[in-house]
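# Here is a sequence together with a model predicted from it:
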Amino acid sequence: MNYDHQIAKELSLLEKQVATTIGLLEEGSTIPFIARYRKELTGGLDEVEIANIRDELKRLQDLDKRREAILKSLQEQNVLNPELENLLLEASTLSRLEDIYLPYKPKRRTRASIAKEKGLENLATFILEQGSGDLQEFAKGFINSEKGVEGIDDALLGARDIVAEIIAENLELRTKIRNLFLEKGSFYSKVIEGKEEAAQKYKDYFEWREPVKGIASHRLLAMRRGEKEQFLSLELEVTTDEAIASIDNLFIKSGNEQAGQVRLAIQDSFKRLIRPSIETEVRLLTRQEADEEAIKVFAGNVRQLLLEAPLGQKRTLALDPGYRTGCKLVCLDEQGKLLFNSTIFPHQSEARKAEAADTIKSLVKKYNIEAIAIGNGTAGRETEAFTKSLGLEGCLILMVNESGASVYSASKVAREEFPDQDITVRGAVSIGRRLMDPLAELVKIDPKSIGVGQYQHDVDQNKLQSSLDDTVISCVNSVGVSLNTASKEILSYVSGLGPSLAQNIIAYRNENGAFKERSQLKKVPRLGDKAFEQSAGFLRISESKNPLDASAVHPERYGLVKKMAEDVGCSIEALLKDENLRKQVVLKKYIDDTIGLPTLTDIMAELSRPGRDPREKFEYFSFAEGINEISDLKIGMKLPGKVTNITKFGAFVDIGVHQDGLIHLSQLANRYIKDPNDVVSVNQTVEVTVIEIDVPRKRIALSMKKDDLESPKKASVPAGKKAYKKETARGAKLANTQKKKTGVAPVKKESMDSKLAALLKKFS
């Protein structure tokens with residue numbers, strides 16, 4: 001079927017945009033390719049809009065598949081008529097389709113079907129019509145001992161069962177009751193008796209009631225999880241009297257004895273058939289909505305995490321901290337290749353501590369280490385303090401979020417990469433590489449395991465995986481991939497490739513050496529013209545003779561760039577280097593039927609900064625020294641922190657005490673905030689104030705609100721913690737960053753430590 005008009009109307013787009021996009025998708029074009037290189041055809045649709053078209057197309061196709069199956073079933077039952085067919089053809093949602101089909105849907109033996117077998121259908125019709133006539137006399141004619149109808153009461157009971165089912169399957173009624181549940185219903189949760197102590201994490205929901213309409217997704221997911229774990233009971237409440245009254249209005253036609261039987265059937269129908277059915281539907285519908293919201297939040301967090309600023313190609317020493325088992329240590333070269341591994345024990349005896357210090361110092365010198373990455377797990381802060389105490393000049397020391405490193409270390413990918421190393425070495429390598437290039441390392445890990453999200457294990461896993469795949473693909477292609485250094489895992493996310501072609505590229509590279517130009521990709525087995533078209537623009541070769549191979553300019557436009565260079569009388573290399581030459585290019589001159597101003601503008605932007613990494617520049621960050629455990633915290637402390645996760649109700653921040661604190665939505669700024677993403681992003685550095693500490697429950701409440709009456713130079717940490725003063729300059733820089741996001745004036749910037757300034761300059 002042609003879905004262009006329906007999708008355009010649903011998404012508020014032009015029908016031509018939708019038709020063209022669907023055509024490109026059906027031809028095998030990927031979303032990143034369409035968004036980047038086919039702007040003229042789509043009218044400049046971005047990745048989100050293209051994905052929405054794809055998803056709406058699939059929804060309509062699935063709806064039509066179900067419609068066809070229902071029509072076929074009705075034809076086989078020989079009950080399809082023009083009126084019923086029109087109802088089905090006009091249905092625009094799955095619930096509407098199922099409501100229409102319900103009376104004809106093959107079902108297991110019911111009380112109504114048993115009553116029909118007893119010959120009571122005509123009695124049910126007599127009752128439902130509520131016409132004239134003596135009900136008792138009419139019912140006598142249906143007494144049949146052989147069929148189990150012993151008297152009038154048996155006959156009326158069976159007839160009411162038939163009436164109850166007719167009422168429950170009424171299309172108008174189901175729509176009314178469904179809307180009643182959605183508009184006026186409430187979710188109510190309470191703790192299961194006797195489980196109060198074990199269910200402390202659900203304490204907020206021991207007695208909780210919230211309207212179905214507008215219920216917060218995270219609270220619904222929390223209640224559903226509590227119900228699944230059998231700590232909470234969860235009910236969907238609605239006013240029974242109001243529901244019964246709405247049914248009465250549809251079915252009560254008189255005041256006679258038959259109407260009394262209908263009333264009894266209505267009460268039975270609502271309690272036994274309608275309520276359970278509609279409640280199941282509403283629970284499913286609200287869960288789907290909550291899932292979509294949670295998936296959206298999770299995908300947004302993953303995007304921010306994947307696009308975290310990379311340190312870059314620096315020789316790195318990585319430490320995976322530990323107390324009893326020691327700290328696993330690895331040294332990596334600029335490309336992330338493992339050079340050395342060992343284990344040190346800086347948290348045991350003084351002798352072992354001295355030995356660990358000597359080991360690190362000698363390795364820093366031997367391998368010209370420029371940065372030290374320390375995992376933020378157990379003993380992380382202590383290992384950081386120990387490493388900083390060694391006085392390693394010119395060596396940047398940073399904490400790295402190690403979430404998912406253990407998952408990677410035990411994965412098939414890690415085993416293939418390091419078959420001769422144990423999981424501790426692999427985990428340390430992952431920590432070091434994550435500092436150098438988060439995107440390249442995190443694509444090796446299932447996104448559900450990297451420590452961001454909101455009930456990600458409770459939502460629809462197929463929808464979650466689809467959304468995360470879209471997110472990773474979008475991030476990889478927006479950054480671009482170095483063809484000669486990329487791993488199989490990151491190559492598999494490049495537009496048009498996938499795992500099989502990624503493996504073929506690696507095999508070709510291993511056999512023939514580095515790629516010298518993009519066109520050489522066509523020699524890779526099974527990489528045909530379509531795959532080349534889709535992938536080439538996202539693959540970079542910095543060593544190529546053609547400078548455009550290192551840029552996002554697609555090979556299909558190389559001839560155009562060459563023509564531009566010729567028209568201004570220079571080479572392509574000169575055009576890339578000289579801004580004055582680029583200013584001489586008149587873009588309108590090159591517009592034709594296949595290329596327009598959007599693509600030309602993109603090309604010129606790329607020529608000015610070929611292969612530019614869209615990620616932000618790396619910024620140094622360090623936690624406050626002396627604040628290592630939750631017991632070190634005091635109300636009113638102001639501390640530097642790093643956002644680790646964002647939910648609809650706020651943001652979680654790592655302040656270096658092994659337990660993230662929560663900045664509730666209401667504490668993110670001095671103004672009303674609807675979405676935490678308007679203020680913070682994952683991995684953003686922030687300054688927070690401790691406003692509440694709950695040690696038994698391991699909960700820390702934080703705030704980013706600014707107190708206008710507070711002096712900017714007021715001490716925020718006990719005077720004995722001198723090391724915290726070193727954070728002042730960095731904190732001012734963070735405040736400036738915060739001002740851009742929140743509009744709140746930063747604290748007064750003080751002079752920066754000269755050593756730190758030199759390091760920042762070196763690594764910026």
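The structure has been received and is ready for your questions.
# Are we agreed that Val282 is in a strand?
No. Counting by DSSP: H, G, I helix; E, B strand; the rest coil, Val282 falls outside a strand, being helix.
# quick one: the strands in the stretch 551-700 of the chain?
638-647, 650-654, 661-664, 685-694, 699-703 (DSSP state E, counting those that start in this stretch).
# right, so of those, which gets closest to Asp320?
strand 650-654 (17.2 Å; Cβ to Cβ). To be clear about C-beta, it is placed using only N, CA and C from the backbone, and glycine gets the same treatment.
# and the closest one, average pLDDT?
Averaging pLDDT along strand 650-654 gives 90.
# Who's the closest spatial neighbour of Gly336, skipping the chain neighbours?
Distances taken as Cβ to Cβ, 6 or more residues apart in numbering put Arg433 closest to Gly336, at 4.6 Å, once the chain neighbours are dropped.
# The stretch 101-250 of the chain: strands as residue ranges?
186-191, 207-211, 232-237.
# partners of the shortest one, with directions?
Sheet pairing of strand 207-211 (DSSP bridges) gives strand 186-191 (antiparallel).
# what inclination does the strand it pairs with have with respect to strand 232-237?
160 degrees (axes from the mean of the first three to the mean of the last three Cα atoms, to 10 degrees).
# Identify the residues contacting strand 186-191?
199, 202, 205-212, 215, 220, 223, 226-227, 231-238, 286 (Cβ atoms under 8 Å, 6 or more residues apart in numbering).
# do that again at 10 Å, thanks
197-200, 202-213, 215, 219-220, 222-224, 226-227, 231-239, 282-283, 286 (Cβ atoms under 10 Å, 6 or more residues apart in numbering).
# try stretch 574-591
40, 547-548, 550-551, 553, 557, 560-571, 595-597, 599-601, 603-604, 606-610.
# Now do the helix or strand hosting the residue nearest to Gly336, average pLDDT.
Under the criterion of DSSP states H and E, Arg433 resides in helix 423-436. The predicted model gives helix 423-436 an average pLDDT of 93.
# for it, packing partners?
Applying 3 or more Cβ pairs under 10 Å, 6 or more residues apart in numbering; DSSP states H and E, one finds that helix 423-436 contacts strand 316-320, strand 327-332, strand 338-344, strand 371-375, strand 396-400, helix 405-409, helix 412-417, helix 438-442.
# and the fourth one, which strands flank it?
What it means is strand 371-375. Counting by DSSP bridges, strand 371-375 is paired with strand 316-320 (parallel), strand 396-400 (parallel).
# just flag whichever of the ones you listed has the lowest average confidence.
strand 396-400 (a mean of 91).
# Pull the distance from it to the chain's centre.
A distance of 27 Å separates the centroid of the chain from that of strand 396-400, by Cα atoms, centre = their mean, to the nearest Å.
# Is it possible to get a markdown table of the strands of the stretch 551-700 of the chain that adds mean neighbour count?
Formatted as a markdown table, these follow (neighbours: other Cβ atoms under 10 Å):
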| stretch | mean neighbour count |
| --- | --- |
| strand 638-647 | 22 |
| strand 650-654 | 23 |
| strand 661-664 | 22 |
| strand 685-694 | 19 |
| strand 699-703 | 20 |
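# May I see those organised as a markdown table, with distance to Cys327 added?
Shown next, in a markdown table, are these (distance: least, Cβ to Cβ, whole Å):
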| stretch | distance to Cys327 |
| --- | --- |
| strand 638-647 | 21 |
| strand 650-654 | 20 |
| strand 661-664 | 26 |
| strand 685-694 | 25 |
| strand 699-703 | 26 |
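# Name all residues that make contact with the closest residue to Gln136 other than its chain neighbours.
Sequence neighbours aside, Ile152 is the residue nearest to Gln136 in space, at 6.1 Å (criterion: Cβ to Cβ, 6+ apart). By Cβ under 10 Å, 6+ apart, the residues touching Ile152 are 135-140, 142-143.
# Which among these count as buried?
135, 138-139, 142 (16 or more other Cβ atoms under 10 Å).
# In helices only, show me these.
Residues of the buried ones among the contacts of Ile152 located in helices (DSSP state H): 135, 138-139.
# Select, out of the helices and strands packed on helix 423-436, the one closest to Leu668.
Nearest of the helices and strands packed on helix 423-436 (Cβ to Cβ): strand 396-400, 23.3 Å.
# the inter-axis angle of that closest one versus strand 638-647?
The directions of strand 396-400 and strand 638-647 differ by 40 degrees, with the same axes, to 10 degrees as the criterion.
# residue boundaries of the helices in the stretch 1-150 of the chain?
4-11, 15-26, 31-37, 39-42, 47-77, 82-90, 94-101, 111-117, 121-129, 135-140 (DSSP state H, counting those that start in this stretch).
# pLDDT on the third one, on average?
Put plainly, it is helix 31-37. On average, helix 31-37 scores 96.
# Pull the distance from it to the chain's centre.
For helix 31-37 - counting by Cα atoms, centre = their mean - the centre lies 21 Å from the chain centre.
# For the residue nearest to Gly336, give its distance to Leu497.
21 Å (Cβ to Cβ, to the nearest Å).
# cool, and Asn86?
47 Å.
# Select from the contacts of stretch 574-591 every entry located in helices.
Short answer: those in helices (DSSP H) are 40, 560-567, 597, 599-601, 603-604, 606-608.
# Look at the residue lying closest to Gln258 once chain neighbours are set aside and say how many residues are nearby.
Of all residues not flanking Gln258 in the chain, Gln130 sits nearest, at 4.4 Å (Cβ to Cβ, 6+ apart). Using other Cβ atoms under 10 Å, Gln130 has 20 other residues around it.
# okay but Gln130 is in contact with Ala124, surely?
No. The pair Gln130 / Ala124 is not scored as a contact, 11.9 Å apart, by Cβ atoms under 10 Å.
# intersection of neighbour lists for the two?
Residues touching both Gln130 and Ala124 by Cβ under 10 Å, 6+ apart: Gln261.
# Read off the pLDDT value for the residue nearest to Leu390 when sequence neighbours are not counted.
If the residues on either side of it in the chain are set aside, Leu390 comes closest to Ala357, at 5.6 Å by Cβ to Cβ, 6+ apart. Per-residue confidence (pLDDT) for Ala357: 95.
# pretty sure Ala357 is in a strand, no?
No. Applying three-state DSSP, one finds Ala357 to be helix, outside a strand.
# What is the neighbour count of it?
A count of neighbours around Ala357, defined by other Cβ under 10 Å, yields 17.
# residues touching it, list them.
Contacts of Ala357 (Cβ under 10 Å, 6+ apart): 344, 346, 386-387, 389-391.
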